[in-house]
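[1] no letters, just coordinates:
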């Protein structure tokens, strides 16, 4: 009695005799005796070539089978990108793989993970599917980056997005902000040359100009802060309190020039500096307020005396002119008479005669009396 096996067009059959592989059977119908110890394994050629419990090497001696397979070996230091009919299918890790080439065309791209950076020719659209084996670093437009392999600096990175394989090489990217930044000294207690202890708030603006030098320094910001602190103390300690209060702008300019001399050493460029606040002790404030009040009073008295002197001098000049010119004297009298009349509601005159004549005679009598006295 015969057994029958029918193989479809999208199938292949692996024939075994007493457990040993014999050959591959293509599409068609096959018959064998029922007492035969032959067995078959039906394979779907649309799927990878995998036989449960059997090593792939057991089948690769069959040249007829090998012609229908694409076999790829992935080394320990590799990843392989597997494409089917031009589309990405999967990532292959170290091992040996076989795929039927009857229905689909296969392509394999080998990636050496000892070179961690993902090559530019790899389509970035597929990297999102490889999150388990790819690490990503973003460098913003205001940053500069530095690439390290196994803690050794490789190169500087410009802004952008970078992809690296997760493999035997350790990858690290450090970034530095190259925008203008500001460092502040707040509440610094400093003694001036005249032994006045005050608190000073000072700021300095800078941007990183030498990123490599910055990376070579440990605790870069702390060292920069100490340098700013020492520079401020060094200069302010040479000034008296009055000089410091009067020349704050000059203080800032001088300290900025000194900082710029140190800029290259720290890998930065200082672009600005200034004194924000000078905070005095309570008793010193009272003393300064007293001094200021006294100065203002003295200035006010000086102005008052100056105005009084000017007024007296003006009166003296007017008197001299009136003595020398009788017409001017009469005009001045009429001016005073006009001012008197402006403040009087009514004038009562007794006796005969015209009002203007009476007033004129009154002024005339006073004028004659002054001539006799002179």
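    Alright, I've got the coordinates. Small disclaimer: the values here were computed from a predicted structure and weren't measured. Numbering: from 1, shown residues only.

[2] ok, residue 106 to residue 48 distance?
    10 Å (C-beta to C-beta, to the nearest Å). Bear in mind the C-beta positions are built from the backbone N, C-alpha and C, glycine included.

[3] same question for residue 142.
    In terms of C-beta to C-beta, residue 142 sits 48 Å off from residue 48.

[4] between these two, which one's more packed in?
    Neighbours were counted for residue 142 and for residue 48 using other C-beta atoms under 10 Å; residue 48 has more, 16 against 12.

[5] using the three-state scheme, assign the nearest residue to that one once chain neighbours are set aside.
    Once flanking residues are discounted, residue 48 sits nearest to residue 99: 5.4 Å by C-beta to C-beta, 6 or more residues apart in numbering. At residue 99 the chain is in strand, as set by DSSP: H, G, I helix; E, B strand; the rest coil.

[6] partners of residue 99 in the sheet?
    Beta-bridge partners of residue 99, counted by DSSP bridges, are residue 48, residue 70.

[7] quick one: it and residue 106 touch, right?
    Yes: counting by C-beta atoms under 8 Å, residue 99 does reach residue 106; the two are 5.1 Å apart.

[8] between those two, what contacts are shared?
    Counting by C-beta atoms under 8 Å, 6 or more residues apart in numbering, the common neighbours of residue 99 and residue 106 are 70, 82.

[9] sorry, back to before: check contacts around the residue nearest to residue 48.
    Each residue near residue 99 by C-beta under 8 Å, 6+ apart is listed here: 48, 49, 69, 70, 72, 82, 106.

[10] return the member of these nearest to residue 138.
    residue 82 (28.1 Å; C-beta to C-beta).

[11] contact partners for the closest one?
    Residues near residue 82 by C-beta under 8 Å, 6+ apart: 72, 88, 89, 90, 91, 92, 97, 99, 106, 107, 108.

[12] and residue 147, by the same measure?
    Residue 147 touches 153, 154, 155, 156, 157, 162, 171, 172, 173, counting by C-beta under 8 Å, 6+ apart.

[13] quick check: the second one is in a helix.
    No: secondary structure assignment places residue 154 outside any helix; it is strand (three-state DSSP).

[14] how many neighbours does residue 127 have?
    Neighbour tally, residue 127, other C-beta under 10 Å: 15.

[15] my read: residue 274 touches residue 202, true?
    Yes: between residue 274 and residue 202 there is a contact under C-beta under 8 Å: 7.3 Å.

[16] what about these two, which has more around it?
    The neighbour count for residue 274 versus residue 202, taken as other C-beta under 10 Å, is higher for residue 202 (24 against 16).

[17] quick one: secondary structure of that one?
    Assignment for residue 202 (three-state DSSP): strand.

[18] what residues are up against it?
    Counted by C-beta under 8 Å, 6+ apart, residue 202 has contacts 184, 185, 188, 228, 232, 255, 273, 274, 275, 276.

[19] residue 111 now?
    Residue 111 touches 78, 79, 80, 81, 118, 119, 122, 165, counting by C-beta under 8 Å, 6+ apart.

[20] could I get the pLDDT score of it?
    On the pLDDT scale, residue 111 is placed at 95.

[21] and if you look at the one 10 residues further on?
    On the pLDDT scale, residue 121 is placed at 91.

[22] now it, what's its secondary structure?
    Look at residue 121: counting by three-state DSSP, its state is coil.

[23] need phi/psi at it.
    phi -70, psi -10 (degrees, to the nearest 10).

[24] for residue 81, see how far away it is.
    11 Å.

[25] compare these two and say which one has the larger neighbour count.
    Higher neighbour count among residue 121 and residue 81: residue 81, with 18 against 6, using other C-beta under 10 Å.

[26] got the domain boundaries for this protein?
    Per automatic domain parsing, the structural domains of the chain span 2-112, 181-280, 325-344+353-368.

[27] go ahead and flag the most central residue of this protein.
    Computing the C-alpha centroid of the chain and ranking residues by C-alpha atoms, centre = their mean puts residue 179 first, at 4.6 Å.

[28] any low-confidence regions in the chain?
    1-2, 32-36, 281-297, 322, 328-330, 332-334, 336-340, 342-374 (pLDDT under 70).

[29] try 50 this time
    Scanning the chain for pLDDT under 50 picks out the ranges 367.

[30] any idea how far residue 120 is from residue 151?
    In this view, residue 120 and residue 151 are 25 Å apart by C-beta to C-beta.

[31] could you pull out the helices in the stretch 51-200 of the chain for me?
    Secondary structure of the stretch 51-200 of the chain (DSSP state H, counting those that start in this stretch): helices at 63-66.

[32] need the strands for it, in chain order.
    Assigned strands in the stretch 51-200 of the chain, in chain order: 69-74, 78-84, 87-92, 95-100, 106-112, 134-139, 143-149, 152-157, 160-165, 171-177, 181-191, 197-208 (criterion: DSSP state E, counting those that start in this stretch).
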